[in-house]
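Asker: one predicted model, sequence on top.
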Amino acid sequence: MTMDSSLTQAQLASIRASALKADFPLLLAHPELAFLDSAATAQRPAAVLDAQRHFYETMNANPLRGLYKLSTEATQAIAEARAHIARFISALDDAGNPQQDAIVFTRNASEALNLLSHTLSHLVELGPGDEVVISVMEHHSNLIPWQQVCTLTGADLVYLRPNTDYCITQEEIERKIGPKAKIVSVTHVSNVLGVENDVAAIAARAHDMGALCVVDGAQSVPHIHVDVRALGCDFLVFSGHKLGGPLGIGVLWGKPDLLDAMPPFLTGGEMIDLVTETGAVWSQVPQKFEAGTQDAAGIYATDAALTYIERLGMQAVEERERLLSIYLCERLREQPQIAIIGPKEGERHISSISFDVEGVHPHDVASILDMHDVCIRAGHHCAQPLLTYLGWHSTCRASVAFYNDAGDIDRLIDGLNQVWRIFHGSR
């Protein structure tokens with residue numbers, strides 16, 4: 001344990017062990033495992049696995065398409081999941097009711113962003129002389145779709161860039177988001193640096209300039225309380241699997257009037273209301289954007305994941321992960337051979353911390369750590385422009401979740417010391 005920790009003894013004691021690991025079958029079956037790659041995907045609690053199985057065993061039917069009991073129960077389960085997600089991100093109408101019809105299910109956040117890039121480019125009639133503004137921090141899923149749209153329409157792609165303190169300043173926001181901007185799409189939390197962007201300021205500037213604002217919440221929704229009203233954005237996307245739900249479920253929230261005005265993305269199946277030989281009438285939102293059979297069991301299980309997190313309490317999740325991030329940064333800073341890429345202060349990291357081991361390729365680091373049952377990420381983290389901007393080709397990344405404990409971090413440090421000894425001998 002670090003000897004000069006900024007954490008109190010009580011705080012250190014609170015993260016020394018994790019009773020929550022017992023709720024996660026994979027972690028329970030492998031107590032030797034230090035899983036530090038939750039930014040890529042979270043582990044699933046038993047409650048989620050049980051929910052998915054429960055759906056197939058008790059209400060397995062195609063939702064929306066049948067009048068018999070099983071189908072109506074499946075339909076109701078999806079409707080309840082929509083309402084739950086809307087409450088979870090504070091997507092409420094003026095009367096305080098959840099905007100459940102503003103919740104669109106996709107396969108993942110990447111598909112949701114592709115849906116938005118395609119439909120919004122038509123809605124705003126994007127063309128030459130217009131600008132789409134993103135940040136250089138973006139995951140490829142929130143970069144490539146906008147690159148493609150700009151290539152097709154002739155619009156210009158403009159990048160917000162962080163300063164040397166890894167902040168996108170108000171000056172940068174005002175300089176880059178101007179009257180030519182039509183769409184602004186930014187990550188809430190960087191999957192590489194772990195820093196939180198001032199999305200509220202970015203959204204306010206976008207609206208002042210007459211632009212729409214999209215937020216990639218894949219790295220924020222699982223870790224901090226997200227209130228779309230406070231953010232002031234027009235759209236928010238995130239993935240179910242990063243907050244403990246099944247793989248293959250993405251969520252798109254949008255302002256209802258904008259969703260109504262947008263053209264469909266995929267066609268066929270349940271997204272139509274009427275079809276003739278010469279044309280079609282689309283269904284209402286959200287079905288307009290949900291062509292084909294949805295992963296009803298996955299949606300039901302994602303609902304269970306939210307229930308599990310709410311039982312823990314989002315505030316408790318935030319606080320535990322904050323302490324873990326501080327502890328992780330402190331332990332990494334103890335190692336002279338390790339350079340943290342991003343803020344040195346742990347409290348500025350939301351889950352993810354990237355680092356480099358001097359003279360050792362990140363792939364070698366990750367492979368050796370795997371031999372010691374420590375799981376981290378290595379590579380460009382689907383954010384190559386950001387790494388290029390920072391002067392790196394590849395990094396290591398450790399990311400914590402509420403089920404981690406200080407012991408996981410200590411084992412990471414022990415493994416990193418072993419990496420150093422293999423390549424450089426003892427210090």
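Answerer: Looks like it arrived, so ask away.
Asker: just to be sure, residue 183 is in a helix?
Answerer: No: applying DSSP: H, G, I helix; E, B strand; the rest coil, one finds residue 183 to be strand, outside a helix.
Asker: residues contacting it?
Answerer: Counting by Cβ atoms under 8 Å, 6 or more residues apart in numbering, residue 183 touches 120, 121, 124, 126, 132, 133, 146, 211, 212, 214. The C-beta positions use only the backbone N, C-alpha and C, and glycine is treated the same way.
Asker: any idea how far residue 138 is from the last one?
Answerer: Spelled out, that is residue 214. Distance from residue 214 to residue 138, counting by Cβ to Cβ, to the nearest Å: 11 Å.
Asker: kindly report the same for residue 70.
Answerer: 42 Å.
Asker: neighbour count winner among these two?
Answerer: residue 138 (24 against 14; other Cβ atoms under 10 Å).
Asker: need the contact list for the nearest residue to that one once chain neighbours are set aside.
Answerer: Once flanking residues are discounted, residue 138 sits nearest to residue 187: 5.6 Å by Cβ to Cβ, 6 or more residues apart in numbering. Residues near residue 187 by Cβ under 8 Å, 6+ apart: 135, 137, 138, 139, 142, 197, 215, 216, 218, 219.
Asker: just residue 290 next, same as before
Answerer: By Cβ under 8 Å, 6+ apart, residue 290 lies in contact with 104, 105, 269, 270, 271.
Asker: right, and the first one touches residue 119 too?
Answerer: No: under the criterion of Cβ atoms under 8 Å, residue 104 lies out of contact with residue 119, with a separation of 10.8 Å.
Asker: so where do the helices sit in the stretch 201-350 of the chain?
Answerer: 228-231, 256-261, 296-312, 314-333 (DSSP state H, counting those that start in this stretch).
Asker: and stretch 385-397, average pLDDT?
Answerer: What stretch 385-397 shows for mean pLDDT is 97.
Asker: for it, buried residues please.
Answerer: Going by neighbour count (16 or more other Cβ atoms under 10 Å), the buried part of stretch 385-397 is 385, 386, 387, 390, 392, 394, 395, 396, 397.
Asker: check those and tell me the two furthest apart.
Answerer: Farthest pair in those (Cβ to Cβ) is 385 and 396. Separation: 19.0 Å.
Asker: between which two of the contacts of residue 290 is the distance greatest?
Answerer: 104 and 269, at 14.2 Å, using Cβ to Cβ across those.
Asker: looking at the buried residues of stretch 385-397, which one is closest to residue 318?
Answerer: Among the buried residues of stretch 385-397, and counting by Cβ to Cβ, the member closest to residue 318 is residue 397, at 20.2 Å.
Asker: if I look at that closest one, how far off is residue 356?
Answerer: Residue 397 is 10 Å from residue 356, by Cβ to Cβ.
Asker: now residue 17. Nearest residue, chain neighbours left out?
Answerer: Nearest to residue 17 is residue 405, by Cβ to Cβ, 6+ apart, at 5.2 Å.
Asker: got the contact list for the one you found?
Answerer: 15, 16, 17, 18, 21, 324.
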